[in-house]
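Visitor: Sequence first, then the predicted structure, then my questions.
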Amino acid sequence: MKKLSLILCGGLLALGVISCDKSGNKETASTGASTSASSSGKRTVYVNTDSLLANYQFYKDAQKEFENKGYRLQVDLGQRERALQGELQAIQQRAQTMTQADLQAADMMLKKKGSELQQYSQQKQAALAEEQAKKMQELYANIREYVKKHNDENKFEFVLGYTLSGGGILFADDSADKTKEIIEGLNKEYAEKKGTTKK
């Protein structure tokens, strides 16, 4: 599931900069000589996307769900492959007593089943990938919606996605870090939604 984590982290960085404030709010956040306010006086803050993924319960649940689905698919495909292998071995054991026509028919049948298994595998993996993509879109939508709601109170001009493993931001002042409160808010909303769904 490392692939899912990397895709999601890359996708969060693709959220990039969310422009949030058109009101001209002049609130600033000073940290000694440095400031997180832009030249127009509007504030810029960031969210550590690594921490967001590590601590957002929606993402952790989604990751676990797809690990389980991926595992179940591998088990299913393994069983089907072993069954086909068993049929091949049974034919090989009887090969000396079979006519040429029977051998050809058995060979064609095994090739057809092998092709069907390959098709089945591709369809199931594609369906799982599509489901993951939808879950990623839901993740991005949850984050965007929450950040927009959160910004109604705070009036930030930009909320940047920051990661220690790369990306466009080389340094981020801790005073502009809103990761913890964004995570807490997202988890609270998610817990409320989960509670409503279960009822």
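Guide: All right, it came through fine.

Visitor: Please tell me how far stretch 183-199 is from the chain's geometric centre.
Guide: 18 Å (CA atoms, centre = their mean, to the nearest Å).

Visitor: what about residue 157, helix or strand, and which?
Guide: strand 156-162 (DSSP states H and E).

Visitor: Which strands or helices does the biggest helix by length in the chain pack on?
Guide: Using DSSP state H, we find that the single longest helix of the chain is helix 100-154. For helix 100-154, the packing partners by 3 or more CB pairs under 8 Å, 6 or more residues apart in numbering; DSSP states H and E come out as helix 2-15, strand 17-19, strand 43-48, helix 57-94, helix 179-198. From N, CA and C alone the C-beta is placed, and that goes for glycine too.

Visitor: 7 Å instead?
Guide: helix 2-15, helix 57-94, helix 179-198 (3 or more CB pairs under 7 Å, 6 or more residues apart in numbering; DSSP states H and E).

Visitor: If you average pLDDT over each of those, which is lowest?
Guide: If you rank the helices and strands packed on helix 100-154 by mean pLDDT, helix 2-15 sits at the bottom with a mean of 44.

Visitor: What is the neighbour count of residue 133?
Guide: Residues contacting residue 133 under the criterion other CB atoms under 10 Å number 12.

Visitor: gap between it and residue 158?
Guide: According to CB to CB, to the nearest Å, residue 133 and residue 158 sit 27 Å apart.

Visitor: on that earlier part again, of the helices and strands packed on helix 100-154, which approaches residue 163 most closely?
Guide: When those are compared by CB to CB, helix 2-15 sits nearest residue 163, at 6.3 Å.

Visitor: separation between the closest residue to residue 165 other than its chain neighbours and residue 136?
Guide: By the measure of CB to CB, 6 or more residues apart in numbering, the closest residue to residue 165 outside its immediate chain neighbours is residue 50, 6.8 Å from it. Applying CB to CB, the value for residue 50 to residue 136 is 16 Å.

Visitor: One more: residue 56?
Guide: Taken as CB to CB, the span from residue 56 to residue 136 is 13 Å.

Visitor: Residue 160 now?
Guide: 20 Å.

Visitor: cool, and residue 74?
Guide: 21 Å.

Visitor: ok, those two, which is more surrounded?
Guide: A count of neighbours by other CB under 10 Å puts residue 136 above the other of residue 74 and residue 136, at 17 against 11.

Visitor: The strand holding residue 157 to helix 179-198, inter-axis angle?
Guide: 90 degrees (axes from the mean of the first three to the mean of the last three CA atoms, to 10 degrees).

Visitor: So what's the gap between strand 156-162 and the chain middle?
Guide: 21 Å.

Visitor: That one pairs with which strands?
Guide: Here strand 156-162 has these sheet partners by DSSP bridges: strand 17-19 (antiparallel), strand 43-48 (parallel).

Visitor: worst average pLDDT in those?
Guide: The weakest mean pLDDT among the strands paired with strand 156-162 belongs to strand 17-19, with a mean of 36.

Visitor: buried set for stretch 184-195?
Guide: 186, 190 (16 or more other CB atoms under 10 Å).
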